[in-house]
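J.: Quick one, structure for this:
(one chain, ligands or ions: 1)
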Amino acid sequence: MIEFSSVTKQYPDGTIAVDNLDLHIESGSFTVFVGPSGCGKTTSMRMINRMITPTSGTITLDGKDISTVDPVKLRLGIGYVIQSAGLLPHRSVVDNVATVPVLQGTSRREARKAALEVLERVGLDLSMATRYPAQLSGGQQQRVGVARALAADPPILLMDEPFSAVDPVVREDLQNEMQRLQGELKKTIIFVTHDIDEAVKLGDHVAVFSRGGKLEQYDAPQRILAAPATDFVSDFVGRDRGYRGLSFRGSGAVALHEIRTATEAQLPELRLGQGEWVLVVSDAGTPRGWIDVTGVEAIRAGRSVGDSTSAGGSLFTAGNDLRQALDSAISSPSGIGVAVDAHGAVTGGIDATEVIEQLAKQRKDEDRARNEGFFAGENANQQ
Ligand SMILES: Nc1ncnc2c1ncn2[C@@H]1O[C@H](COP(=O)(O)OP(=O)(O)OP(=O)(O)O)[C@@H](O)[C@H]1O
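T.: Residues are numbered from 1 along each chain as shown. Presented below is the predicted three-dimensional model:
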């Protein structure tokens, strides 16, 4: 457990980077510090491993004031990942990861063996292990950065904008990997980002800071989206926060309906009315695209299947969240979102109104549960 008590950091030029911060971080939690540039996220994080010293206030780690702990010893228990990965350019990937364990006295052979295991754990192909950092992509370097921070198995991991320098697709991969890793490792992670989407995706707790180092809200991500505590938070999380909040709602209870499908071989024989759509599938049942009456006529006139079908929308898997289900429906040319199984085969469809009905039902159930809780509490008080 990490506890900030009335922590302020004022730099010598008078800048107040962190203003009277009180924060309680549970062991094993994934806490994200989010806010605009210059709001004191990095300063707050670096005070935890004593790279920066608070001007006033105390930080305790499992009840012990960290200002009384030798910084070198303290940092042995705190992994640190930064945006540029910070790898040593003249050491191979495996030796970069083995650096800290070797410094701690592990033999080079043992440390390398362990390093390979950690590299595998963060999803890096082991053929990269003998390369030098410059021979890796940005995303691969970040994986090595995470592996290096994990190599000494520290209970705490500090991550300062680790994924902000890579493209959006790689970034999503790294975020998913991080979620998977945390599911396995259960470290105490403090993660800094200025991207609210990243914050609510990764964090089980999110701390929103505003300029001047003020903590505006510290809450579960769904609460940050559903009930912003201040105007600042409401502006910061953005206008489509309601839509983004759908990602915290499971789609499991939405019944899928059957979708009319056809394989390429069946297309010339299709009889469709105006406004009707059929999903073209491979022999294995995976979606290829949508076709309507105009497309079928084009095929009969000799056009290729590719030229006669409309590309499908996004896909979702039963059990994914409502945001994915809704996105699938509204991005689909037919208005029907396509659900697939783990092998990519179509399992059914959903339209946007069904998603919204499910949302309304979940909210009604929540209201009922809240009211029942409230009246139960009231009765208890009367007794
Ligand atoms: N060494 C320093 N001396 C003076 N001011 C500093 C120093 N380091 C940071 N600051 C200032 O303190 C404030 C908080 O900086 P900090 O880096 O903690 O913010 P941040 O939220 O992490 O920003 P970013 O997202 O841009 O990294 C900023 O106004 C910054 O200019």
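
J.: Please identify the helix or strand for S44.
T.: Using DSSP states H and E, S44 maps to helix 41-48.

J.: And for the closest residue to T106 other than its chain neighbours, the neighbour number?
T.: Spatially, and ignoring its direct neighbours in sequence, T106 is nearest to A114 (7.4 Å; CB to CB, 6 or more residues apart in numbering). For the C-beta atoms, the positions are set from N, CA and C on the backbone; glycine is no exception. Look at A114: counted by other CB atoms under 10 Å, it has 18 neighbours.

J.: helix, strand or coil for A114?
T.: Following DSSP: H, G, I helix; E, B strand; the rest coil, the label given to A114 is helix.

J.: how about it, what does it touch?
T.: Going by CB atoms under 8 Å, 6 or more residues apart in numbering, A114 touches 98, 101, 106, 151.

J.: any idea how far T130 is from it?
T.: 16 Å (CB to CB, to the nearest Å).

J.: Now do the helix holding S44: which elements does it pack against?
T.: strand 2-10, strand 16-25, strand 30-34, strand 56-61, strand 156-160, strand 188-193 (3 or more CB pairs under 8 Å, 6 or more residues apart in numbering; DSSP states H and E).

J.: So which of those strands is nearest D365?
T.: Counting by CB to CB, D365 lies closest to strand 30-34 out of these; the figure is 27.3 Å.

J.: how many degrees apart are that closest one and strand 2-10 in direction?
T.: Counting by axes from the mean of the first three to the mean of the last three CA atoms, to 10 degrees, strand 30-34 lies at 20 degrees to strand 2-10.

J.: can you give me the mean pLDDT across strand 30-34?
T.: Averaged across strand 30-34, pLDDT comes to 97.

J.: buried ones in the helix holding S44?
T.: Residues of helix 41-48 classed as buried: 41-48 (neighbour count, 16 or more other CB atoms under 10 Å).

J.: any bit of stretch 226-234 sitting next to the ligand?
T.: No: Stretch 226-234 lies out of reach of the ligand by CB under 6 Å from any ligand atom, never closer than 14.0 Å.

J.: Alpha carbons only: can I get that stretch in PDB?
T.: Once non-C-alpha atoms are left out, stretch 226-234 reads as follows in PDB (Å, rounded to 0.1, in the frame of the first residue of the first chain):
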ATOM      1  CA  ALA A 226     -20.600   8.300 -15.200                       C
ATOM      2  CA  ALA A 227     -20.200  10.800 -12.400                       C
ATOM      3  CA  PRO A 228     -17.400  13.300 -13.000                       C
ATOM      4  CA  ALA A 229     -16.800  15.000  -9.600                       C
ATOM      5  CA  THR A 230     -16.000  18.500 -11.000                       C
ATOM      6  CA  ASP A 231     -16.500  20.600 -14.200                       C
ATOM      7  CA  PHE A 232     -12.800  20.000 -14.900                       C
ATOM      8  CA  VAL A 233     -13.200  16.200 -14.900                       C
ATOM      9  CA  SER A 234     -16.400  16.400 -17.000                       C
END
